[in-house]
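[1] Let me see the structure of the following:
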Amino acid sequence: METVNSSETQPATPEVQHIADQVKAEFQRREDRTFDIFRAIVYRTKLDAGTIFLIKVQDSDSDTGYAHLRVFQALPQEKQGPSLVSYQTGKTRDDPLNYF
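    Down below sits the predicted model:
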């Protein structure tokens, strides 16, 4: 699934944290729980009629307190906020951030 238009994993930026914050409510609803911690750690992007962000977030202090989020951000002219496409939980800080 890797393509030439995908980025390497990079440290999260304030913009990426903002995107994670915008999908936190949906993540909590799907998981049926509340997370006090929701810190973006690293991310990758892929262009596909918009931008797909893969974001590793820390959601607890446990060793497996990380989740990988797949978030779609439509092109600016679409005037839509980011949407949580899918996610994986139970990840560790060292798990590679691969497309899923």
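[2] Wait, a strand at residue 55?
    Yes: Residue 55 forms part of a strand when assessed by DSSP: H, G, I helix; E, B strand; the rest coil.
[3] Quick check: bridge partners of it?
    residue 43, residue 69 (DSSP bridges).
[4] Count residues in the vicinity of it, would you?
    25 (other Cβ atoms under 10 Å). For every residue, glycine as well, the C-beta is placed using N, CA and C.
[5] OK, contacts around it?
    The neighbourhood of residue 55, defined by Cβ atoms under 8 Å, 6 or more residues apart in numbering, consists of 12, 16, 19, 20, 40, 42, 43, 68, 69, 71.
[6] what about it, distance to residue 33?
    19 Å (Cβ to Cβ, to the nearest Å).
[7] circling back: turn the contacts of residue 55 into a markdown table, columns for distance to residue 27.
    Below are those laid out as a markdown table (distance: Cβ to Cβ, whole Å):
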| residue | distance to residue 27 |
| --- | --- |
| 12 | 16 |
| 16 | 15 |
| 19 | 12 |
| 20 | 9 |
| 40 | 12 |
| 42 | 17 |
| 43 | 15 |
| 68 | 11 |
| 69 | 7 |
| 71 | 10 |
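[8] quick one: which of these is most hemmed in?
    Per-residue neighbour counts (other Cβ under 10 Å) across these peak at residue 69, which has 27 neighbours.
[9] Can you name the residues that contact that one?
    Taking Cβ under 8 Å, 6+ apart, one finds 20, 23, 27, 53, 54, 55, 56, 57, 84, 87 in contact with residue 69.
[10] which of the residues in the helix or strand where residue 25 lies are buried?
    Assigned by DSSP states H and E, residue 25 belongs to helix 14-31. Across helix 14-31, burial judged by 16 or more other Cβ atoms under 10 Å covers 16, 17, 19, 20, 23, 24, 27.
[11] got it, and stretch 72-80?
    Buried residues in stretch 72-80, counted by 16+ other Cβ under 10 Å: 72, 73.
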